[in-house]
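In: What follows is a predicted protein model with its sequence.
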Amino acid sequence: MPLPSLRRSSVLLAVVAALAFPGLAVACSGPGAREAILHAEQLGLVSWLTTAVLAGGSALIPRMRARGWRTQWPLLLLAVLHPGWWMSARSGDCGQTLILGSAIVTALTLLVAGFLLWRPRTN
């Protein structure tokens with residue numbers, strides 16, 4: 001009967017994850033929850049707009065240098081995948097996942113844009 005041992009290990013893994021990452025087990029409710037959700041949604045949207053401006057501005061500079069648009073697809077992909085415009089802050093964690101995801105993608109956009117501007121021209 002491997003099923004009971006699988007259940008025990010799954011429960012053990014869930015308990016360890018809840019203790020290691022307490023934000024996963026805490027729901028968003030009570031006083032201040034509405035303000036926290038609104039703040040997370042606004043921060044996510046501002047972060048996405050920042051990413052879109054970074055991606056658009058960085059894509060224009062190499063275009064003016066005749067590098068071409070085909071090399072700029074990572075910036076477009078990051079702007080499209082950014083959680084600031086598609087992820088909801090109402091998933092139970094007061095938008096902490098939205099804030100963290102937005103910060104990571106925006107920082108990654110900065111790194112990719114810097115790399116694409118730094119990279120030597122290749123034909």
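Out: The structure has been received and is ready for your questions.

In: Could you point out the helix or strand that follows whichever strand or helix holds residue 73?
Out: Using DSSP states H and E, residue 73 sits within helix 73-81. Downstream of helix 73-81, the next assigned helix or strand under DSSP H and E is helix 83-86.

In: For that next one, give the mean pLDDT please.
Out: Taken as a whole, helix 83-86 has an average pLDDT of 90.

In: do the same with stretch 102-116
Out: 91.

In: Residues in contact with that stretch: which ones?
Out: 43-44, 47-48, 50-51, 54-55, 58, 62, 71-72, 74-75, 78-79, 81-84 (Cβ atoms under 8 Å, 6 or more residues apart in numbering). C-beta here means a position set from N, CA and C on the backbone, and glycine is covered the same way.

In: Show the buried residues in those residues.
Out: Among the contacts of stretch 102-116, those classed as buried by 16 or more other Cβ atoms under 10 Å are 43-44, 47-48, 50-51, 54-55, 58, 62, 72, 75, 78-79, 82-84.

In: how about low-confidence regions in this structure?
Out: 1-27, 62-69, 120-123 (pLDDT under 70).

In: Run through the helices of it in chain order.
Out: 2-20, 33-64, 73-81, 83-86, 96-118 (DSSP state H).

In: Tell me which of those helices is the most buried.
Out: helix 83-86 (a mean of 18; mean count of other Cβ atoms under 10 Å).

In: so what does that helix touch, helix or strand wise?
Out: helix 33-64, helix 96-118 (3 or more Cβ pairs under 8 Å, 6 or more residues apart in numbering; DSSP states H and E).

In: Save those helices as JSON lines, and put in distance to residue 89 too.
Out: Formatted as JSON lines, the helices and strands packed on helix 83-86 follow (distance: least, Cβ to Cβ, whole Å):
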{"stretch": "helix 33-64", "distance to residue 89": "4"}
{"stretch": "helix 96-118", "distance to residue 89": "5"}
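
In: Out of these, which is closest to residue 90?
Out: Nearest to residue 90, of all the helices and strands packed on helix 83-86, is helix 33-64, at 5.9 Å by Cβ to Cβ.

In: how much space between residue 72 and residue 61?
Out: 10 Å (Cβ to Cβ, to the nearest Å).
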